[in-house]
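Chemist: Give the three-dimensional model of this entry:
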Amino acid sequence: MGTAESVLSPHPNDVDRKRIERTLSRRRRYRYVSPEVYQVENGYQIRSPCCSRNIDKSGGVIDIAWLEFAAQTHTWRLYRKEHSNGQWCLYGEFKALAELLQSLNQDSERIFWQ
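Modeler: Residues are numbered from 1 along each chain as shown. Okay, here's the model as predicted:
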């Protein structure tokens, strides 16, 4: 049996996964590639072709973000991938999924859409 948080978590679910996909279509960077949203334990993972070739010289699919719902605190955690060492790094915590997605779509520092 999973942890208490995974048992109580309403995420992932297909409704929010589709909402994330729709919201990503309005992002500022790399609008010409089609990211995919995967359901993972307690949240969602976003992967996309690497069109800039900054991370993958061949343009392969790379990790963009991991969205985790913390059921105990009812907050969202947004992680970015540190591609040099393959580790997920916490970017921030958000009260609402919409707020998290706005930050991900803006990405003014180019840490997600590299």
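Chemist: Could you check which helix or strand contains Arg17?
Modeler: Per DSSP states H and E, Arg17 falls inside helix 14-24.
Chemist: Contacts for that helix next, please.
Modeler: Residues outside helix 14-24 that contact it (CB atoms under 8 Å, 6 or more residues apart in numbering): Pro35, Val37, Gln39, Tyr44, Ile46, Leu67, Leu97, Ala98, Leu101, Leu104, Asn105. Placement of C-beta: from N, CA and C, glycine included.
Chemist: Now with 7 Å, please.
Modeler: With contacts defined as CB atoms under 7 Å, 6 or more residues apart in numbering, helix 14-24 is touched by Pro35, Val37, Gln39, Tyr44, Leu97, Leu101, Asn105.
Chemist: by how many degrees do the host helix or strand of the second one and helix 14-24 diverge?
Modeler: Assigned by DSSP H and E, Val37 belongs to strand 36-40. Computed with axes from the mean of the first three to the mean of the last three CA atoms, to 10 degrees, the direction of strand 36-40 lies at 150 degrees from that of helix 14-24.
Chemist: which of the residues in strand 36-40 are buried?
Modeler: By 16 or more other CB atoms under 10 Å, the buried positions in strand 36-40 come out as Val37.
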